[in-house]
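Visitor: quick one, what's the 3D model for this:
(chains A and B)
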2 protein chains.
Amino acid sequence: MAQPFHTISAKDLEFFASLLGKDAVLAGGASIQSYARDYTEDLSFPPDCVLIPGTAEEVAAVLAYCHEHNIAVTPRGAGTGLSGGSLPVFGGVSLSLQRMNRILHIDTKNFQARVQPGVINEVLREEAAMHGLFYPPDPASRGSCFLGGNIAHSSGGPRAVKYGTTKDYVLNLQVALPDGSLIWTGANTVKNSTGYNLTQLMVGSEGTLGVVTEMVLRLISKPVYTILLLAPFANPVQACKAVNEVLLAGFQPSALELMEESGVRMSVAATQTPFPEHPDTEIWLLAELDGNHPEALLDEAGRLFPLLEASGASEVLLADNETLKEQWWKVRRSIGEVVKSVSIYKEEDTVVPRYALPELMAAVKEISTRYGFRAVCYGHAGDGNLHVNILKDQLSDRQWKEEIPKAIREIFEQCKALGGTISGEHGIGLVQKDYLDVVFGETHFALMRGIKQVFDPKGILNPGKWV
Amino acid sequence: MAQPFHTISAKDLEFFASLLGKDAVLAGGASIQSYARDYTEDLSFPPDCVLIPGTAEEVAAVLAYCHEHNIAVTPRGAGTGLSGGSLPVFGGVSLSLQRMNRILHIDTKNFQARVQPGVINEVLREEAAMHGLFYPPDPASRGSCFLGGNIAHSSGGPRAVKYGTTKDYVLNLQVALPDGSLIWTGANTVKNSTGYNLTQLMVGSEGTLGVVTEMVLRLISKPVYTILLLAPFANPVQACKAVNEVLLAGFQPSALELMEESGVRMSVAATQTPFPEHPDTEIWLLAELDGNHPEALLDEAGRLFPLLEASGASEVLLADNETLKEQWWKVRRSIGEVVKSVSIYKEEDTVVPRYALPELMAAVKEISTRYGFRAVCYGHAGDGNLHVNILKDQLSDRQWKEEIPKAIREIFEQCKALGGTISGEHGIGLVQKDYLDVVFGETHFALMRGIKQVFDPKGILNPGKWV
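Guide: Residues are numbered from 1 along each chain as shown, chains lettered A, B, ... in the order given. Take a look at the predicted model:
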């Protein structure tokens, strides 16, 4: 594809200002610095300018101009991504969707939401809840991440074990294409067998095929009651096995999370949140049940207690009030961000068939010992999705740049061998792209490049990433 | 794309026989006649030959040969399709997956099934049930249709209202491509954010991009109990409204089906199955609840009774034994096939946002009156998917060929206007392709043609269909 790209000139900026208004064009100086980074490691790639369109038509017009003039465009949500997907590695335009942040309609009759891409995940969740409806995907960054970014990476979260990930809630997308056209990919229906599934092709495509400018999402009835349990384990592999025991016994928990004690303590210290202590604990299991029948739910919890104890839990705790629930969840959700403040780190988003989790966990431990790095593991055990945070700590820059990638490759090869893959919910973006050959052969790459070519023949969209 | 295709010669047949064995090659005479048809209307397109490979490698080798020699290949499952997707309209090879009919592994630890494409839907359902697991997608033809065909059309069925369609259960596909390569599209995990979603691009692509040779499907825990209710309504639009009342009240039924009295009586007569009668009934609602807690389920049923009565049901009946349940379901499932035996017919697979169903139903009635045809409506009301069977009866061939397509177009335009589309679960295939412009513009077509070109540059796979 055509590279290098055209460098943005004063004339281009003038055009963008005439199109979007002056306030929607940022160029040079401090104003664009925050657009140079996301939540991924310590990476920074400043764009030439930041454009902040307010409508789908403006997005389309920006793309058409950049397509014509061969200008790199990197779409950007809230910048909470963990794979570097929104980093403008070739400069050019950082296309921020931050102004397109309206919930256009909560359709309480069809259980659907029509929203713009810049709506914060939590904002939709709360709005839906006010109507007794539920939008389940809940990434740890749900208080700040945009739904457009969730779609770009098919983000998951704790509830995926019962409710699935973002992809399972996307019905129809309005997409701006590089040639400046706008299409809707599907229909506002749960069932659809009409043509290729362009909707799901867009989900997880990380801004490399088009820019989502509006979306119709599926909502479901909101479960009325939740029960939250917490159990410490002395042995991480045993805790992974307990996860399997829970699911094999027929429970359908709405969350089934693991977090290593080291990560818990970092999170507790940084967020000053009360959290239980238990001697000899190496890992904690957080299990949530939800439903509409309190008796049925209590009955389930009653059966889950002894099952967890029999599976090796040192103790099983019940959150008997909302404050406790919030505290435990806060500790869980904060781990990722807190680890970042402790050390430069790389976060690997490993995923395997759930039953293989004990094997993956053991392999990660063995690899970290052999390479001599500290790894903090946590994540969505119920669906085999383990976040492995590798801390730089005292490692030399040489070790960090030359040795750690070899360790990561070994971890990913293990994922592949176990039937899994290299990203469950964070996407490939910039930082995982060198490992894609672990899971894809040349035929697969050729198909993906071919699709990219169909949508974006000049390769202006999010260049330098995995495709 | 390159057409016309090469006509199959004696030399080609010799090659196929050397590759697959003589028994796996049918050419000429009666043996190929059953491959000329599927369940769609009265259409017949005989292939030049039928090939029945036994392995993924054989499928790939057939495709490579046909790609090289520009021979049309139409993949075929059980031939139960309702959109003509498996009809070899350009002759050439009918590629039957009937010999690849093994369940390779029921993975009771990860709740997954690894199966070949020629496995019958019901066979997997029963095998999974023996392990306490559940494969929800259940097309009416589940006793004979192949899972490969289900994937080709993203087939649904009554349980989709709670559990989703085939696409929601496909984790990973082995696909043979026209160049003779074999790839796996994804990973054996529920979560996956690694590259473009080729898995969901294959689902619903109707054999136009590649041939699925093996699949990994997601299973879930099998609900232990079901309750089945049946309610007659005097007014079809009122019945559609009742469907909405049920869902708005927070129920999550595992089926919520409508069937017009005329279709019910045809089915009852043809299958000799007992079924209730009720005066002044125009339409029946069949509602199933499922779950693991009998008390919670009975409590739900207890609340559903008065709600249905308040919504206009003349009566609410409970199936208090398994025989009754089977009878009611048999009547429902047989309608489609029975209508076929009454008259030549066209089946439209309309789908709209569920709450718009009363409007769609009213529009269909108005259009059928205006054009003077008989329509039997039934289907999956809970997800807005209404099958409209248009009977030829005494219509002239001219009316059937010239007037009815205009009526169908009006129905589809109504679907589009209501936020829906032209196929919910049957696919586009041959018979809906002339209506695709109702929902797609030129940009959309260009993207789909581009994708087709990437996978199948010579256009040998299922030619003459919608792409």
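Visitor: mind giving me the packing neighbours of whichever helix or strand A:Lys340 is part of?
Guide: When elements are assigned from DSSP states H and E, A:Lys340 belongs to helix A:322-342. Under the contact definition 3 or more C-beta pairs under 8 Å, 6 or more residues apart in numbering or on different chains; DSSP states H and E, helix A:322-342 sits against strand A:225-233, strand A:255-260, helix A:261-271, strand A:283-291, strand A:345-351, strand A:374-380, strand A:385-391. All C-beta atoms are positioned from the backbone trio N, CA, C, and that covers glycine.
Visitor: put together CSV for those, with mean pLDDT, mean neighbour count and distance to chain B on each row.
Guide: Below are these laid out as CSV (pLDDT from 0 to 100; neighbours: other C-beta atoms under 10 Å in any protein chain shown; distance: least, C-beta to the nearest C-beta, whole Å):
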stretch, mean pLDDT, mean neighbour count, distance to chain B
strand A:225-233, 97, 21, 12
strand A:255-260, 96, 25, 12
helix A:261-271, 96, 19, 20
strand A:283-291, 96, 23, 8
strand A:345-351, 94, 25, 5
strand A:374-380, 93, 25, 8
strand A:385-391, 95, 25, 5
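Visitor: of all the ones you listed, which one is nearest B:Ala296?
Guide: Nearest to B:Ala296 among these is strand A:283-291 (8.3 Å), distances taken as C-beta to C-beta.
Visitor: contact partners of stretch A:15-32?
Guide: A:8, A:13, A:35, A:46-54, A:58, A:61-62, A:65, A:94, A:99 (C-beta atoms under 8 Å, 6 or more residues apart in numbering or on different chains).
Visitor: now with 6 Å?
Guide: The contact list for stretch A:15-32, computed with C-beta atoms under 6 Å, 6 or more residues apart in numbering or on different chains, reads A:13, A:46-47, A:49-53, A:58, A:61.
Visitor: what does stretch A:188-204 give?
Guide: Residues contacting stretch A:188-204 (C-beta under 6 Å, 6+ apart): A:151, A:154, A:167, A:170-173, A:175, A:185-186, A:216, B:153-154, B:156, B:165, B:193, B:197, B:200-201, B:204-205, B:351, B:353, B:383-385, B:419-425, B:427, B:448, B:451.
Visitor: likewise for stretch A:98-113?
Guide: By C-beta under 6 Å, 6+ apart, stretch A:98-113 touches A:52, A:54, A:114-119, A:127, A:131, A:216-217, A:219, B:353-355.
Visitor: what's the span of it, first residue to last?
Guide: End-to-end span of stretch A:98-113 (C-alpha to C-alpha, to the nearest Å): 18 Å.
Visitor: do stretch A:172-191 as well
Guide: Termini of stretch A:172-191 sit 11 Å apart (C-alpha to C-alpha).
Visitor: ok, now stretch A:220-236?
Guide: 34 Å.
Visitor: helices of chain A, start to end?
Guide: Along chain A, counting by DSSP state H, helices occupy A:10-20, A:56-69, A:121-130, A:147-153, A:160-163, A:198-202, A:236-248, A:261-271, A:294-310, A:322-342, A:357-371, A:397-398, A:404-417, A:442-455.
Visitor: which residues touch the closest residue to A:Pro117 other than its chain neighbours?
Guide: Distances taken as C-beta to C-beta, 6 or more residues apart in numbering or on different chains place A:Gly148 nearest to A:Pro117, at 2.7 Å, with adjacent residues excluded. By C-beta under 6 Å, 6+ apart, the residues touching A:Gly148 are A:77, A:97, A:117, A:212.
Visitor: could you check how far A:Gly148 is from chain B?
Guide: A:Gly148 sits 15 Å away from chain B, taking C-beta to the nearest C-beta, to the nearest Å as the criterion.
Visitor: same question for A:Tyr135.
Guide: In terms of C-beta to the nearest C-beta, A:Tyr135 sits 16 Å off from chain B.
Visitor: quick one, the helix holding A:Lys340 and strand A:225-233 angle?
Guide: For helix A:322-342 against strand A:225-233, the angle by axes from the mean of the first three to the mean of the last three C-alpha atoms, to 10 degrees is 50 degrees.
Visitor: alpha carbons only: can I get helix A:322-342 in PDB?
Guide: The C-alpha trace of helix A:322-342 is given here as PDB (Å, rounded to 0.1, in the frame of the first residue of the first chain):
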ATOM      1  CA  GLU A 322     -23.600  -3.300  48.200                       C
ATOM      2  CA  THR A 323     -20.600  -1.500  49.700                       C
ATOM      3  CA  LEU A 324     -18.600  -4.700  49.900                       C
ATOM      4  CA  LYS A 325     -19.600  -5.600  46.400                       C
ATOM      5  CA  GLU A 326     -18.400  -2.300  45.100                       C
ATOM      6  CA  GLN A 327     -15.100  -2.500  47.000                       C
ATOM      7  CA  TRP A 328     -14.300  -6.000  45.700                       C
ATOM      8  CA  TRP A 329     -15.100  -5.000  42.200                       C
ATOM      9  CA  LYS A 330     -13.100  -1.800  42.500                       C
ATOM     10  CA  VAL A 331     -10.000  -3.800  43.600                       C
ATOM     11  CA  ARG A 332     -10.500  -6.100  40.600                       C
ATOM     12  CA  ARG A 333     -11.100  -3.400  38.000                       C
ATOM     13  CA  SER A 334      -8.200  -1.300  39.200                       C
ATOM     14  CA  ILE A 335      -5.500  -3.900  38.900                       C
ATOM     15  CA  GLY A 336      -4.500  -3.200  35.300                       C
ATOM     16  CA  GLU A 337      -4.100   0.500  35.800                       C
ATOM     17  CA  VAL A 338      -2.400   0.200  39.100                       C
ATOM     18  CA  VAL A 339       0.200  -2.200  37.700                       C
ATOM     19  CA  LYS A 340       1.000   0.400  35.100                       C
ATOM     20  CA  SER A 341       1.900   2.900  37.900                       C
ATOM     21  CA  VAL A 342       4.200   0.400  39.600                       C
END
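Visitor: tell me which residues are up against it.
Guide: Against helix A:322-342 from outside (C-beta under 6 Å, 6+ apart): A:140, A:228, A:230, A:257, A:259, A:263, A:266-268, A:270-271, A:273-275, A:286, A:319, A:345, A:376, A:378, A:389.
Visitor: one more time with 8 Å
Guide: A:39, A:82, A:140-141, A:158, A:226, A:228, A:230, A:257, A:259, A:263-264, A:266-268, A:270-271, A:273-275, A:286, A:319, A:345, A:347, A:376, A:378, A:387, A:389, A:391.
Visitor: quick check: closest non-adjacent residue to the residue of the stretch 301-450 of chain A found nearest chain B.
Guide: Per C-beta to the nearest C-beta, A:Gly450 is where the stretch 301-450 of chain A lies closest to chain B, at 3.3 Å. Spatially, and ignoring its direct neighbours in sequence, A:Gly450 is nearest to B:Val454 (3.3 Å; C-beta to C-beta, 6+ apart).
Visitor: list the contacts of the one you found.
Guide: With C-beta under 8 Å, 6+ apart, B:Val454 has these contacts: A:447, A:450-451, A:453-454.
Visitor: nearest to A:Ala310 among those?
Guide: Nearest to A:Ala310 among these, counting by C-beta to C-beta, is A:Leu447 at 47.2 Å.
Visitor: the closest one is in contact with B:Gln453, isn't it?
Guide: No - if you go by C-beta atoms under 8 Å, A:Leu447 and B:Gln453 don't touch, sitting 11.5 Å apart.
Visitor: was I right to think A:Tyr39 contacts A:Pro139?
Guide: No - using C-beta under 8 Å, A:Tyr39 is not in contact with A:Pro139; the gap is 10.9 Å.
Visitor: hey, what's in contact with both of these two?
Guide: In contact with both A:Tyr39 and A:Pro139: A:Thr80, using C-beta under 8 Å, 6+ apart.
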